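In: Output the structure for:
(chains A and B)
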Amino acid sequence: MATATSTTGIRRVLRALLIPLLALLSALLAGAVVMILSGDDPMAAYSGLFQGAFGDGKGWARTIRKTIPFVLTGLSVALAFKVSLFNIGASGQFVMGSVFAVAVGINFEGLPIFIHLPLALIAGIAGGMLWGAIPGILKVYTGAHEVIVTIMLNYVASLFGGWTVYAGGTQGQTPGPLWDRTAGAISETPDVLHSAQIPWLFGPPYRVHYGVFLALAAAILVWWLIFKTPLGFEMRTVGHNMRAARYAGIRVNFTIILTMALAGGLAGLAGGIETLGLNHKFAPEFGGAVGFDGITVALLGQTHPIGVLLAAFMFGALDGGAATMQFQSGVPADIIQIIQALVLAFVAAPLIIRMIFRLRQQTEQDAGSAVSTSWGGT
Amino acid sequence: MSRNAPVSAFNRLRRRYGNTMIVALALVIMAILVNLTPLKEQTWLRVLFGISALNFTLRATVPLVLGALSGILCERSGIINIGIEGMMLAGAFAGFVAKTSTNHWPLAASLIFSVAVAMAVGGLMGAVHALFSIRFRMDQIISGTVIIILALGTSSYLYNRDAIAEGKFSSIPIPGLAQIPVIGPVLFDNPPITYLALIMVVVVHVGLFYTRWGLRTRAVGEHPRAADTVGINVNRYRYVNTSLGGMLAGLAGAFLVLEAVGQFQEGMTAGRGFISLAAMIFGNWNPIGALGAATLFGYTQALQNELLLAGVTQVPRQFISMLPYVVTIVAVSGLVGRVRPPAAEGKVYETEGSS
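Out: Presented below is the predicted three-dimensional model:
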């Protein structure tokens, strides 16, 4: 606490950026070591990665396109972290958001876009909120730990999503309700109607849609909610000390359920935006991984909305450049997953970074990312 | 504590091992009835309790109970292990790589070597988890998540799709016992890791509750300060137990690759590590309770399999496949205030004056 007296605003920001940047650097170095050990060329890989992400207009477009869902799933996990809840369920919420949004998007022909599109997006948010609220409710009323429940719900959501678009056939099972009748044996929905598609900001071949502004708005909204509203204050209080919050008269149970629902809503919105803006349909293989990466993005962003934006952009670049990297250098794109895991490891254990770079101890920051520590519930 | 015999004995069993034991017992009795009487002509009963369902149950139970034992070892010493899924996957992949590179060895030697490698890599992952949690004071749930993502990424990155593991463990019927009707073919005609898993339940149980090591492990998990005061090295116990837990998770991975499937598939653990955690909680951090819970979860997987194969219901296959996951959620939700995790779980222990 005493060290905080001399810090100006800029120095505080720089200090907040220090650990994530060093973590990223260490992860890239460690990734290079892994590549050398398995006989790949890290220089070729990283230059391919950079070109793929920022080499030309298409590269930038790819990076931005990939950043959008990371922002939202990252915000989803970060918001839950503020209340000491660990939302591993963003991928399930993402799938539910996609399914709900597409269900509205392929129906209701003839609606004008300014009604149909918001309706479809709201449906996506609702799907995610529903899927996020379940673990919140179960935690409050039964003590079931949200980590296990959200993970199980991920599997249930992915099966549910698979059922809605199932082409049928096996053992005479009837096709799912959202299946495209003209798709033959392929399990997918028909295309979303034009009145429910998010318009292009830069059309093909760039394919960046206006969803990028929705993601930015969501980040600002979450920042405002957490730091500028009474509700956000209650959330942070519950996150810091649940017992104290209860004594102070804060509705702890309500806060937990609401936070999980909002976190689910953000991940659901991510699914809705991807479906309505980019894929224009839903198939079982869409989504999933982006929810799990939300955890890393949230931690890398130090669970702060602005940090999440930056971290999501970094992840967008990593994902955006991965295909080009594999194409140019022959290094499997899975190396990106290893690098992302290492980033998570380094950023979650600032002590490792401090040891590697011999930085001064800062107890204030090291206390950082504490999640719920036991299965016991309250 | 009245001492009128069978009722109180029954209650004591229930208190110690949870209701899962009762359910598992009922299942066994039902299975014996169905398989030995004319009842087996009934399609539904055969689907629910046939020999095939029971065999599948045991096959599905083995990785779950090994995972749960892994969790018990870690958590009884105070380290939350959410990374079992990752340790299993790492073990499975390591076992696969070891098997493919020793294909030219005699089958038994190659398989045993691969199991050893799988356990070693699992143990290494456990040690890394302990290092993160203890030395680097990382949040243990996040450290577990790191383990999972790392295992997923590394195994996909290094996976060579052309490699083929030749041969896997086959059944070893136990002479005499294997001839017992129903129980024989289900319990005493299995490949070796299955027997090993059942033996490990007993070993861990005896180890935890009847040895000095077990008493100290539990002390470290419940009240590290007191343990430290009487001269127990808290963090050493945590390192050792978490590494041992990792080895058991690695064994579960070896089971998947070398005994059940025979090959590696990306992400082949498919949530088993997490279901193991639920089994551990459901079994009240007790090895025998965990066996009961794992059997229950294994049975739901068998049921899913049998229902899909028999085609006796109009319920869409995706909903049938949800069964194990939904049952897990119901199980962890149905335990309000009835389970108690080790008291010092998830907390970093620092000796006074060290920080």
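In: those strands in the chain, which residues are they?
Out: Answering for chain A, as no chain was given. Under the criterion DSSP state E, strands of chain A are mapped to A:200-202, A:208-209.
In: my question was about chain B
Out: Under DSSP E, chain B gives strands at B:172-173, B:189-190.
In: for the chain, which spans come out with low pLDDT?
Out: Picking chain A for this. A:1-7, A:169-172, A:287-288, A:360-378 (pLDDT under 70).
In: ah, no, chain B please
Out: Short version for chain B, where the test is pLDDT under 70: B:1-24, B:39-42, B:335-339, B:351-355.
In: just checking, what's the longest helix in it?
Out: Criterion DSSP state H: the longest helix present in chain B is helix B:51-76.
In: For that helix, what is the distance to the chain centroid?
Out: 4 Å (C-alpha atoms, centre = their mean, to the nearest Å).
In: Now do the contacts for the residue in the stretch 101-250 of chain B that chain A sits nearest to.
Out: Taking C-beta to the nearest C-beta, chain A has its nearest neighbour within the stretch 101-250 of chain B at residue B:153, 3.1 Å off. C-beta here means a position set from N, CA and C on the backbone, and glycine is covered the same way. Residue B:153 makes contacts with A:334, A:335, A:336, A:337, A:338, A:340, A:341, as judged by C-beta atoms under 8 Å, 6 or more residues apart in numbering or on different chains.
In: Please repeat the previous calculation with a cut-off of 10 Å.
Out: Residues near residue B:153 by C-beta atoms under 10 Å, 6 or more residues apart in numbering or on different chains: A:31, A:34, A:334, A:335, A:336, A:337, A:338, A:339, A:340, A:341, A:342, B:86.
In: What ranges does the stretch 201-350 of chain A have for its helices?
Out: A:211-228, A:230-240, A:242-247, A:252-273, A:289-300, A:305-329, A:335-348, A:350-357 (DSSP state H, counting those that start in this stretch).
In: is it true that residue A:150 touches residue A:80?
Out: Yes. Here residue A:150 lies in contact with residue A:80, judged by C-beta atoms under 10 Å, at a distance of 9.3 Å.
In: would JSON lines of the contacts of residue B:153 with neighbour count be doable?
Out: Formatted as JSON lines, the contacts of residue B:153 follow (neighbours: other C-beta atoms under 10 Å in any protein chain shown):
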{"residue": "A:31", "neighbour count": "25"}
{"residue": "A:34", "neighbour count": "18"}
{"residue": "A:334", "neighbour count": "19"}
{"residue": "A:335", "neighbour count": "28"}
{"residue": "A:336", "neighbour count": "23"}
{"residue": "A:337", "neighbour count": "24"}
{"residue": "A:338", "neighbour count": "23"}
{"residue": "A:339", "neighbour count": "23"}
{"residue": "A:340", "neighbour count": "25"}
{"residue": "A:341", "neighbour count": "25"}
{"residue": "A:342", "neighbour count": "24"}
{"residue": "B:86", "neighbour count": "32"}
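In: could the strands of chain B go into a markdown table alongside mean neighbour count?
Out: Listed next are the strands of chain B as a markdown table, based on neighbours: other C-beta under 10 Å:
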| stretch | mean neighbour count |
| --- | --- |
| strand B:172-173 | 14 |
| strand B:189-190 | 20 |
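In: Which of the helices of the stretch 201-350 of chain A sits closest to chain B?
Out: helix A:335-348 (3.1 Å).
In: Alongside chain B, which residues does the stretch 101-250 of chain A contribute?
Out: By the rule C-beta under 10 Å from any C-beta of the partner chain, the part of the stretch 101-250 of chain A lying against chain B is A:134-135, A:137-139, A:141-145, A:147-164, A:166, A:168, A:170-176.
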